[in-house]
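Enquirer: Prediction below, plus the sequence it came from.
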Amino acid sequence: MEDEMLDMVDANLSYGDSRSEWIRHAIALRLDVDPILDELYESYQREERRDLVVAAVRKEVDRRKQEIENGN
């Protein structure tokens, strides 16, 4: 793994977190999401897959925040 990538992981660790645990969580998340993305994209379409995940999560977070703000 590139040093730059490890530095980014380290920068996102909270107090008491371990790098290996963070990486295991990231791997588990990808293993959960990849089969769903396989319905739309080929495995080599990494950028498209990532873009869709980021957009979908942003949309859902915004929707849930709006629900909270509206008292639902």
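Expert: The structure has been received and is ready for your questions.
Enquirer: what comes up buried for the lengthiest helix in the chain?
Expert: Using DSSP state H to define each element, the chain has its longest helix at helix 46-69. For helix 46-69, a neighbour-count test (16 or more other CB atoms under 10 Å) marks 49, 52-53 as buried. Heads up, the C-betas are built off the backbone N, CA and C, glycines and all.
Enquirer: Now do the same contact list for residue 46.
Expert: By CB atoms under 8 Å, 6 or more residues apart in numbering, the contact set of residue 46 is empty.
Enquirer: Recalculate using a threshold of 10 Å.
Expert: Contacts for residue 46 (CB atoms under 10 Å, 6 or more residues apart in numbering) come out as residue 37.
Enquirer: Check the one 5 residues further on too.
Expert: Applying CB under 10 Å, 6+ apart to residue 51 gives the contacts residue 45.
Enquirer: same thing but at 8 Å, please
Expert: With CB under 8 Å, 6+ apart, residue 51 has no contacts at all.
Enquirer: Model confidence score at it, please.
Expert: We have a pLDDT of 98 for residue 51.
Enquirer: now swap in residue 5 and tell me
Expert: 91.
Enquirer: now residue 65
Expert: 97.
Enquirer: any idea how far residue 72 is from it?
Expert: Per CB to CB, to the nearest Å, residue 65 is found 11 Å from residue 72.
Enquirer: Name the helix or strand of this structure that has the lowest mean pLDDT.
Expert: Least confident helix or strand of the chain, by mean pLDDT, DSSP states H and E, is helix 3-11 with a mean of 91.
Enquirer: moving C-terminal of it, what's the next helix or strand?
Expert: Sequence-wise, the next helix or strand downstream of helix 3-11 (DSSP states H and E) is helix 19-37.
Enquirer: So which residues make contact with that next one?
Expert: 6, 9-10, 12-13, 43, 49, 52-53.
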